[in-house]
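Undergrad: predicted coordinates and the sequence they were generated for:
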Amino acid sequence: MNAGTAWIVIPLLGYLAGTFPFGYLCAKVASGMDIRREGSGNIGATNVARVLGPKWGILVLILDLLKGLLSVIFLPRLAGPELQNDLGVWAGFFAIIGHMYPIWLGFRGGKGVATALGVVLALSPVATAVSVTTFLFVVGSTRFVSLGSICAVTAFAVAHFTKTSPNSFTEQHRSLSIFSLVIPLMIIVAHRQNLSRLIRGEEAKLGAKNKPTE
């Protein structure tokens, strides 16, 4: 595959991989329900866990994570080795976009956290460790999954730029640095209703049933 074709095909395949709506499909299999009409209306793992139980939530979490992880690992191999690092970033980037805006569900998807976790696990394990630790600490302290997610993506960005500064936007790091700015911002914006509920003191905590948290 030549470079020009690869830069079109790999991100497109990443997007399509991200559009697999595992939360929606698992809810259909488990109970025949449309998960978009239940709980918070989100197709992500948190809402699935709240509506269908933790086992289904964990399954959706793993599947959503894997579509991000595998997009980064395998899709760039379709191109030449000289393009694989940058294409891995963009395959993952568009997998997250696909999860958040799946064409099959009218561009109404999840908030991207689990798929992003899979992507960054492949791209930057050290920054991912910082992010996951932050998530566990915040959720463990507050039981707010949404707040943990927001803090986690922020921590990932901080960890990345701390690690790569002052060379964050040199050729070696440019793609991942753009990713580390744009994706956390998109995920935070996707949680804007959660932020409003947190401010009003109305956000449901982990373990609550059928209330909008994620």
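TA: Looks like it arrived, so ask away.
Undergrad: show me the shaky parts of the protein.
TA: Per-residue confidence for the chain (pLDDT under 70) gives these ranges: 208-214.
Undergrad: mind listing the helices for it?
TA: Here the chain has its helices, by DSSP state H, at 3-18, 22-31, 45-52, 54-74, 84-100, 113-123, 125-142, 145-164, 174-190, 192-200.
Undergrad: please work out how many residues are found near F161.
TA: 17 (other Cβ atoms under 10 Å). Using the backbone N, CA and C atoms, a C-beta is placed for each residue, glycine as well.
Undergrad: so who does the residue lying closest to it once chain neighbours are set aside touch?
TA: In space, and not counting its chain neighbours, F161 is closest to S168: 5.4 Å by Cβ to Cβ, 6 or more residues apart in numbering. The neighbours of S168, taking Cβ atoms under 8 Å, 6 or more residues apart in numbering as the test, are 160-161, 174, 177.
Undergrad: of those, buried ones?
TA: Those of those that meet the buried threshold are 160-161, 177, by 16 or more other Cβ atoms under 10 Å.
Undergrad: of the residues you listed, which is the nearest to N85?
TA: The closest of the buried ones among the contacts of S168 to N85 turns out to be S177 (Cβ to Cβ; 12.9 Å).
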